[in-house]
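In: Sharing a model that was predicted from the sequence below.
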Amino acid sequence: MAKKLPKVDVVIVGVGWGGGIIASELTKQGLNVVGLERGKERKTEDYYMVHDELRYALRYEMMQDLSKETITFRSNPKIRALPMRSYGSFLLGTGLGGSGVHWNGQTFRFLPYDFEIRSKTIERYGEKKIPDGMTIQDWGITYDELEPYFDKFEQMAGIAGEENPLAGKRSKPYPNPPMKSTPSMKMFAEAAKKKNWHPYMMPSANLSQAYTNPDGVSRAACQYCGYCERFGCEYGAKADPVVTVIPVALKTGKFEIRSHSHVRRILHNGKKATGVLYTDVTTGEEIEQPADIVVLTSYVFNNARLLLLSKLGRPYDPATGKGVIGKNYAYQVMRGGATGFFEDKEFNYYAGALGMVLDDFNGDNFDHKDLNFLHGASISHAMTGQRPIANNPVPQGTPSWGKDFKTASLKYMNRTINVGAQGASMPFRHHFLDLDPTYKDVFGDPLIRITFDFEEQDRQLAAFMAEKCGELLKEMGASKVEVNGKLGPYDITPYQSTHNTGGVIMGASPETSAVNNYLQMWDAENVFVVGASSFAHNSGYNPTGTMGALSYRCAEGILKYHKSGGGMVV
């Protein structure tokens, strides 16, 4: 028998960016909130002088233990899925702050096109432009409606950046000026301008100067150490939930964090949730936490999995296209870049969100009439820190070991520039999430199963973008340019991107979406589901900025729901 605790106003499942924002906004308005985090506590002091690439980047100190819980994967429904036993394609964070602690800090807004992608595609090209099986849909919200929440997230996080000439209109400038521009970034910008493209400084959650945000949280400026992605920031210069929103919630006295708390079910009566059931992993005790409102703020896979395990919402059926939980899983197309080798120049590599980017081939900023793909990619030169174990750039044809490899590795370590394309991922009817019928976690619950592969859409996009990246590097004066535009079947073993999206998507209708534009479930009015799981497709950007904006809007919706005493807020 589970131990039953006193009821609270709100229980949050997962205390990362989404959970931290929700907790901050609700507790400031007097609600009593409990945050359940399955990982451990975290604080900035954990990372003092710990620039350990082996421990964090290669042994995954901050990631989920795959021996206890993982995902299974298959490329199509005709084959058996197998578990991911070691990290590869993406990284699953755990612990207080979640993936918001080990991210790079690249903070974009999705384009206006993204939120109305189906309508705008049909308006410009006609419905025949959308391939059979592609399930793009409008998100039930416009960029203009979401813009104030983008601004709120950026002001809280202290984003450093400059105007993107091809993006949606802004109500305010970024709260901080852009980060420093390096020689290679200036080369990128000059070359892009010669081609009449529109480069701009990458928007960064790594502070360009000391900053105090609207909540009164003060943080120091970035030191350009290069230990951002897969690492916690010892200075607090990189915005993460532990140094921004979580302290604000705790200061109210209305927020309680329970770490090592693994939520296994949402308790409900078929129409509304009554609370959650979780296991205290330190004691093995089962605990029931009743609540008036339940908010899922965990990672994409965990949000969808918990709903499916709890039998809440209608599971997606790819055979009929009916149902919504698990629908429109999407990833990111990271092939489509190029590498330039320079004989006469050397470069340094600094920090996670330091870079130059352009959007001339992102979204629908260019004519797709004669192209066999939709959407596009941001093209960037991002200086994420060339740490020595993971980076050995050598030209093609170099032996992979021995004296010649060592000579080339030393020569080109600081003589290469990568220009990459971060491509959008369109959803297809046969890409989805469901519960694996064979494999279970340490508690005996089914794992989440991914069914996904790259499509011809993705191959065409990657080849097109690689050509543009190669053109840019040649304009930059590279002695040798290697273009990487060939995209084979999706392979889950090499790292690509931790930008998984979909599964609990938002929209204007309960027939085609799981949540409305306040991220409130159509099928359970007191359940809100926050995260990139709500994205109906993935754009040519990092998802965090858009997820943060939707989190602030969701918090507003929860407050409306609480104040009104129930009902749909849309």
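Out: Happy to help now that I have it. Residues are numbered from 1 along each chain as shown.
In: The residue lying farthest from the centre of the chain: which element?
Out: The C-alpha centroid of the chain is most remote from K403, which lies 40.2 Å away (C-alpha atoms, centre = their mean). Using DSSP states H and E, K403 maps to helix 402-412.
In: That helix - what's its average pLDDT?
Out: The average pLDDT for helix 402-412 rounds to 93.
In: Packing partners of that helix?
Out: Applying 3 or more C-beta pairs under 8 Å, 6 or more residues apart in numbering; DSSP states H and E, we find helix 402-412 packed against no helix or strand. Yep, even glycine has a C-beta here, placed from its N, CA and C like the rest.
In: isn't D364 right up against Y125?
Out: No: with contact defined as C-beta atoms under 8 Å, D364 does not count as touching Y125 (9.0 Å).
In: Backbone torsions only: list them for the closest residue to L519 other than its chain neighbours.
Out: Residue nearest to L519 in three dimensions, not counting chain neighbours: C554, with 4.2 Å by C-beta to C-beta, 6 or more residues apart in numbering. Backbone geometry at C554, expressed as degrees, to the nearest 10, gives phi -60, psi -40.
In: Could you tell me how many residues sit around C554?
Out: 29 (other C-beta atoms under 10 Å).
In: Does it touch Y518 like I think?
Out: Yes: at 5.8 Å, C554 counts as touching Y518 under the criterion of C-beta under 8 Å.
In: Next, show the common contact partners of these two.
Out: F528 (C-beta atoms under 8 Å, 6 or more residues apart in numbering).
In: By residue count, which strand of this structure is the longest?
Out: Longest strand in the chain by number of residues (criterion: DSSP state E): strand 285-296.
In: The strand or helix carrying T546 to strand 285-296, inter-axis angle?
Out: For T546, the host element (DSSP H and E) is helix 544-564. Interaxial angle of helix 544-564 relative to strand 285-296 (axes from the mean of the first three to the mean of the last three C-alpha atoms, to 10 degrees): 100 degrees.
In: Could I get the average pLDDT for stretch 225-235?
Out: 90.
In: do you know how far E285 is from K327?
Out: 35 Å (C-beta to C-beta, to the nearest Å).
In: which of these two has more neighbours?
Out: Higher neighbour count among E285 and K327: K327, with 30 against 11, using other C-beta under 10 Å.
In: That one and T283, how far apart?
Out: K327 sits 37 Å away from T283 when distances are taken as C-beta to C-beta.
In: Please work out the average pLDDT along stretch 295-309.
Out: Rounded mean pLDDT across stretch 295-309 is 98.
In: In contact with V530, which residues?
Out: Each residue near V530 by C-beta under 8 Å, 6+ apart is listed here: 18-19, 22, 295-297, 519, 547, 550-551, 554.
In: out of the residues you listed, which one sits closest to V243?
Out: G19 (14.8 Å; C-beta to C-beta).
In: Quick check: chain neighbours aside, which residue is closest to Y552?
Out: Y552 sits nearest to Y149 (C-beta to C-beta, 6+ apart), 4.3 Å away.
In: swap in M185?
Out: Using C-beta to C-beta, 6+ apart, the nearest residue to M185 is M356, at 4.4 Å.
In: What segments of the chain are helices?
Out: Shown for the chain, the helices assigned by DSSP state H span residues 17-28, 53, 112-115, 117-125, 143-157, 183-194, 245-251, 300-309, 402-412, 456-475, 544-564.
In: okay, those in CSV with distance to S509 next?
Out: Converted to CSV, the helices of the chain look like this (distance: least, C-beta to C-beta, whole Å):
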stretch, distance to S509
helix 17-28, 24
helix 53, 48
helix 112-115, 15
helix 117-125, 13
helix 143-157, 17
helix 183-194, 41
helix 245-251, 32
helix 300-309, 18
helix 402-412, 53
helix 456-475, 25
helix 544-564, 17
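In: what's the most buried one of those?
Out: A comparison of those by mean neighbour count, using mean count of other C-beta atoms under 10 Å, puts helix 17-28 on top with a mean of 28.
In: dump the residue contacts of L312.
Out: Counting by C-beta under 8 Å, 6+ apart, L312 makes contact with 266, 268, 273, 325, 521, 523-524, 527.
In: Please report the distance of it from K7.
Out: Distance from L312 to K7, by C-beta to C-beta: 19 Å.
In: same question, S218
Out: In terms of C-beta to C-beta, S218 sits 36 Å off from K7.
In: do G253 as well
Out: Separation of G253 from K7 (C-beta to C-beta) stands at 18 Å.
In: Same question for L96.
Out: 24 Å.
In: the more surrounded of the two?
Out: Using other C-beta under 10 Å as the criterion, L96 and K7 rank with L96 on top: 24 against 13.
In: Run a quick neighbour tally on the closest residue to that one other than its chain neighbours.
Out: For L96, ignoring the flanking residues on the chain, the nearest one in space by C-beta to C-beta, 6+ apart is R42 at 4.3 Å. Here the count is done by other C-beta under 10 Å, and R42 has 23 residues near it.
In: which ones are touching R42?
Out: 95-97, 101, 232, 242.
In: tell me the mean pLDDT for stretch 529-544?
Out: The model assigns stretch 529-544 a mean pLDDT of 98.
In: What is the end-to-end distance of it?
Out: End-to-end span of stretch 529-544 (C-alpha to C-alpha, to the nearest Å): 15 Å.
In: quick one: that stretch to chain centroid distance?
Out: 6 Å (C-alpha atoms, centre = their mean, to the nearest Å).
In: next one: stretch 297-307
Out: 13 Å.
In: Touching that stretch from outside, list them.
Out: 12-16, 18-19, 22, 71, 92-93, 98-99, 263-266, 296, 313, 325-326, 433, 435, 447-448, 450, 500-504, 514, 529-533, 551.
In: Low-confidence ranges, the stretch 301-450 of the chain, go.
Out: 351 (pLDDT under 70).
In: Could you rerun that using 90?
Out: Along the stretch 301-450 of the chain, segments meeting pLDDT under 90 span 335-336, 347-353, 383-393, 413-414.
In: any chance you could map the strands in it?
Out: For the stretch 301-450 of the chain, the strands defined by DSSP state E, counting those that start in this stretch cover 327-330, 337-341, 355-358, 377-382, 416-423, 432-440, 446-451.
In: wouldn't P510 be in contact with W522 here?
Out: Yes: the criterion here is C-beta under 8 Å, and P510 meets it with W522 at 3.6 Å.
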